[in-house]
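Trainee: Quick one, structure for this:
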Amino acid sequence: MKSSAAALNPTGALDKSWAAVLADLVKARLTLLVLLTTCVGFYLGERGAVNGLLMFHTLFGTALVAGGAAALNQLLEREYDARMRRTASRPLPSGRLQPATVAIFGGVCSVAGLIYLAVAVNLLTSVLGAVTSISYLFIYTPLKRLSWVNTLVGAIPGALPPLMGWTAARNDLGGEGWTLFAILAFWQIPHFMAIAWLYRDEYAKAGFVMLPNVDADGSRTAQHAVGNTIALLLASLCPFLLKMNGAVYLVIAVALGAAYFLCAVRFAQQLTARRARQLFLASIIYLPLLLVAMVCDKLR
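Mentor: Alright, predicted model coming up:
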């Protein structure tokens, strides 16, 4: 009997189950974050009791769009993913899936998701889904090989899911929905800067142009990290000012924002891998706690 340890793919890594390969293809953790922020946007936008069926339709359609976009992104970047240790085991560079398979899967999921949102939710949410996919695949993805500005551009599709959740519930683009968009957009920049600093050598080897690769002393990287935590702190006050959330949320938002800002300042003062990891950890702690506070202290 052949042991699992002996079952190697061409890259020398252990074979994965089909479920694990699918999870890699749709970037399961990223897609789950998309669904979480969409769900929060929907909940905050809903008046009165939550329409469970409409929420299901919203999340299902969004999952199809997000999973399809993730697959197509890997199709477009398969050559570059193969050059980076952290992405070389993905389904395409590892040889587990073929480009034609991924193209069909990604295309079908993306189109089906947009149609589903248009029919089962509303046209506005579907349009936002299309804007998210198009900007992610055809602006952000190629820009990664041309300019470090890709990080700023990439924050846009990354911040649209909570706005999609809002429009799914309200069918309009209100100031509250744009507030959720702003919070996600500003949150992403320090998060991305920490990752880009940690993997700047790998990104350069793969041909991706990230700010730390063109910022020799790290001063601009630090400025973007600190500046966006300040902007995030200000944006996080808006749900209270717009009477979406109450005083409990406000206290939590200020405390979380101050802690995130402090981590960014320490990173700016000491541009080390340790400080970058601390900033990254702060980012992944900050967001779910802020979202929980929004949900638990919703006013209307």
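
Trainee: Centre-most residue in the protein?
Mentor: residue 158 (4.6 Å; C-alpha atoms, centre = their mean).

Trainee: For that residue, which non-adjacent residue is closest in space?
Mentor: Nearest residue to residue 158 in three dimensions, chain neighbours excluded: residue 188, at 5.2 Å (C-beta to C-beta, 6 or more residues apart in numbering). Heads up, the C-betas are built off the backbone N, CA and C, glycines and all.

Trainee: isn't that neighbour right next to residue 157, touching?
Mentor: No: counting by C-beta atoms under 8 Å, residue 188 stays clear of residue 157, with 10.1 Å between them.

Trainee: Count the residues that sit near residue 242.
Mentor: The local packing of residue 242 (other C-beta atoms under 10 Å) involves 13 other residues.

Trainee: scratch that, residue 146
Mentor: Neighbourhood size, residue 146 [other C-beta under 10 Å]: 10.

Trainee: Use 54 as the first number from now on
Mentor: Okay, using 54 as the starting number, the last item reads as residue 199.

Trainee: just to revisit the earlier point, so for the helix or strand that contains the residue nearest to residue 211, what gets flagged as buried?
Mentor: Assigned by DSSP states H and E, residue 241 belongs to helix 228-251. Neighbour-count burial for helix 228-251 flags 229-251 (criterion: 16 or more other C-beta atoms under 10 Å).

Trainee: what does stretch 299-316 give?
Mentor: 302, 303, 305, 306, 309, 310, 313, 314, 316.

Trainee: Turn those into a markdown table, columns for secondary structure.
Mentor: Below are those laid out as a markdown table (DSSP: H, G, I helix; E, B strand; the rest coil):
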| residue | secondary structure |
| --- | --- |
| 302 | helix |
| 303 | helix |
| 305 | helix |
| 306 | helix |
| 309 | helix |
| 310 | helix |
| 313 | helix |
| 314 | helix |
| 316 | helix |
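
Trainee: and these as a markdown table, adding pLDDT and distance to residue 323?
Mentor: Formatted as a markdown table, those follow (pLDDT from 0 to 100; distance: C-beta to C-beta, whole Å):
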| residue | pLDDT | distance to residue 323 |
| --- | --- | --- |
| 302 | 98 | 32 |
| 303 | 98 | 31 |
| 305 | 98 | 28 |
| 306 | 98 | 27 |
| 309 | 98 | 22 |
| 310 | 98 | 21 |
| 313 | 98 | 17 |
| 314 | 98 | 16 |
| 316 | 98 | 11 |
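
Trainee: What is the helix holding residue 241 packed up against?
Mentor: helix 81-98, helix 203-223, helix 264-267, helix 272-288, helix 291-294, helix 300-322, helix 326-349 (3 or more C-beta pairs under 8 Å, 6 or more residues apart in numbering; DSSP states H and E).

Trainee: who does the fifth one touch, helix- and strand-wise?
Mentor: Helices and strands touching helix 291-294, as assessed by 3+ C-beta pairs under 8 Å, 6+ apart, comprise helix 228-251, helix 300-322.

Trainee: Count residues in the vicinity of residue 337, would you?
Mentor: Neighbourhood size, residue 337 [other C-beta under 10 Å]: 11.

Trainee: for it, what are its contacts?
Mentor: residue 244 (C-beta atoms under 8 Å, 6 or more residues apart in numbering).

Trainee: Over to the one 3 residues further on?
Mentor: If you count contacts by C-beta under 8 Å, 6+ apart, residue 340 has them with 86, 240.

Trainee: same deal with residue 222?
Mentor: Contacts for residue 222 (C-beta under 8 Å, 6+ apart) come out as 94, 95, 96, 97, 98, 99, 100, 104, 107, 111.

Trainee: Just give the number of residues close to the second one.
Mentor: When neighbours are counted by other C-beta under 10 Å, residue 95 registers 26.

Trainee: which SS state does residue 170 fall under?
Mentor: Put simply, residue 170 is helix when judged by three-state DSSP.

Trainee: what's it in contact with, if anything?
Mentor: Contacts of residue 170 (C-beta under 8 Å, 6+ apart): 110, 111, 114, 115, 118, 178, 179, 182, 221.

Trainee: do that again at 6 Å, thanks
Mentor: 114, 178, 179, 182 (C-beta atoms under 6 Å, 6 or more residues apart in numbering).

Trainee: From residue 255, how far out is the residue nearest to residue 169 when sequence neighbours are not counted?
Mentor: Leaving aside its chain neighbours, residue 169 sits nearest to residue 114 (4.1 Å; criterion: C-beta to C-beta, 6+ apart). Using C-beta to C-beta, to the nearest Å, residue 114 is found at 34 Å from residue 255.

Trainee: Comparing the two, which residue is more hemmed in?
Mentor: Set side by side, residue 114 and residue 255 show more neighbours around residue 114, with 26 against 16, by other C-beta under 10 Å.
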